[in-house]
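> I would like the atomic coordinates for the input below:
(one chain, ligands or ions: 1)
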Amino acid sequence: MEILKLINSGSKRLKNKNVYSHKLDSEILLSKVLNKTREELLVNLNQKIEPQKISNFHRLIDRRSSKEPIAYILKKKEFWSKIFFVNNNTLVPRPETELMVEKIVKIFKKKDIFILDIGTGTGCILLSILSELKNSKGIGIDISSKAIQIASANSKKHKLTQRTKFYNRSLNEIYHNKFDLIVSNPPYIMRKDIKNLNEDIKKFEPKLALDGGNDGLDVIKKVIYKSKDILKIKGTLALEIGNEQFKKVSKILERNRFKTRYLVKDYRENIRCILSTLEN
Ligand SMILES: C[S@@+](CC[C@H](N)C(=O)[O-])C[C@H]1O[C@@H](n2cnc3c(N)ncnc32)[C@H](O)[C@@H]1O
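Model prediction:
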């Protein structure tokens, strides 16, 4: 069978399973099987493919049909124009999170700071920031030991091991240090809402990365309380939050001596990140 026919048959199978990006996903999965770029595929649409590769392709289409995210099938995801290893122990890095990184890089560019990333997952936030702030250092922590393995592998991949340390710790276990910047994209989905998420997310992404407790604010509150003890005075806390959490989270920040400095909105104009400083 030729490339074009295979792309179309994969796309049709995915469309039947209501995969919105069926055509693109079919192309991406065939590129993976053939070890070619998508562009190379698309200029060789009449090339014939051997039977073994066709069955490998259909196995990947089966996985995508069951709603497994493309990033988990490929074991990688692009974030901040870099490729990060991912697997089903880590959240798939999201474009909204790049908006938080963008703001932080703008504020701290050329500064020499010490950063803590709470709930680091793939390490994408910390590693992206450090790739821009060449004199800064940071620590990433995560309650998931498997996520920490991925973050460490990403640190090696991006040649940042000299300026990073990753630890399998809960945020309750961080003491002593005083950071200039604490970043966190904590789990913030209300537990009762998890069942309403897309299948790609609820069936495959780690619950630890999603579940924010009954009101969605459990880990956010813990991050704020802990940051009060381990941030320098005038240090910055950058928190990614859920769509409708701004009012509640800003009240908690205020009650805990944080002053809001910047807000970052997503592409739909929802406030998705609060940058605040710890006051005396
Ligand atoms: C929403 S994910 C964010 C991952 C990554 N920072 C990103 O933005 O792609 C939240 C992460 O927090 C971790 N986590 C949850 N509770 C934690 C806790 N108490 N202490 C440290 N990490 C925690 C989860 O394992 C998960 O990797």
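> just give the closest residue to Leu126, not the sequence neighbours.
Sequence neighbours aside, Asp117 is the residue nearest to Leu126 in space, at 3.9 Å (criterion: Cβ to Cβ, 6 or more residues apart in numbering). The way it works is simple: take the backbone N, C-alpha and C, and place the C-beta from them, glycine included.
> quick check: the one you found is in a strand.
Yes: counting by DSSP: H, G, I helix; E, B strand; the rest coil, Asp117 is part of a strand.
> my read: it touches Leu130, true?
No: between Asp117 and Leu130 no contact is recorded; they are 9.7 Å apart, counting by Cβ atoms under 8 Å.
> can you pull out the helices in the chain?
Counting by DSSP state H, the chain has helices at residues 3-16, 22-34, 38-42, 51-65, 70-74, 95-108, 124-132, 145-157, 199-204, 207-210, 218-230, 246-255.
> okay, now the residue nearest to Leu126: neighbour count?
For Asp117, the tally of surrounding residues (other Cβ atoms under 10 Å) stands at 28.
> quickly note the distance from it to the ligand.
Going from Asp117 to the ligand by Cβ to the nearest ligand atom, to the nearest Å gives 6 Å.
> who's in contact with that residue?
123, 125-126, 138-141, 182-184 (Cβ atoms under 8 Å, 6 or more residues apart in numbering).
> Lys12 too?
The neighbours of Lys12, taking Cβ under 8 Å, 6+ apart as the test, are His22.
> if we can go back for a sec, of the contacts of Asp117, which are in range of the ligand?
For the ligand, the contacts drawn from the contacts of Asp117 by Cβ under 6 Å from any ligand atom are 125, 141.
> need the contacts of Asp117 in a markdown table (columns: neighbour count and pLDDT).
Putting the contacts of Asp117 into a markdown table (neighbours: other Cβ atoms under 10 Å; pLDDT from 0 to 100) gives the following:
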| residue | neighbour count | pLDDT |
| --- | --- | --- |
| Gly123 | 31 | 98 |
| Ile125 | 29 | 98 |
| Leu126 | 31 | 98 |
| Gly138 | 28 | 97 |
| Ile139 | 19 | 97 |
| Gly140 | 30 | 98 |
| Ile141 | 23 | 98 |
| Ile182 | 24 | 98 |
| Val183 | 28 | 98 |
| Ser184 | 26 | 98 |
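> which of the contacts of Asp117 sits closest to Phe258?
Using Cβ to Cβ, Ile182 is the member of the contacts of Asp117 that lies nearest Phe258, at 10.8 Å.
> isn't that closest one up against Asp229?
No: distance between Ile182 and Asp229: 10.7 Å, which falls outside the contact criterion (Cβ under 8 Å).
> quick revisit: Glu102: which of the contacts of Asp117 is nearest?
Within the contacts of Asp117, distances to Glu102 taken as Cβ to Cβ reach their minimum at Ile125, with 11.3 Å.
> would you mind confirming that the closest one is in contact with Met100?
Yes: applying Cβ under 8 Å as the test, Ile125 and Met100 come out as touching, 7.2 Å apart.
> one step back: shared neighbours, Asp117 and Leu130?
Once Cβ under 8 Å, 6+ apart is applied, the residues that Asp117 and Leu130 both contact turn out to be Gly138.
> tell me the contacts of Ser250?
In this structure, Ser250 makes contact with 260, 274, judged by Cβ under 8 Å, 6+ apart.
> swap in 6 Å and give it another go.
With contacts defined as Cβ atoms under 6 Å, 6 or more residues apart in numbering, the neighbours of Ser250 are Thr260.
> and the pLDDT for it?
Confidence per residue is given as pLDDT, and for Ser250 that number is 97.
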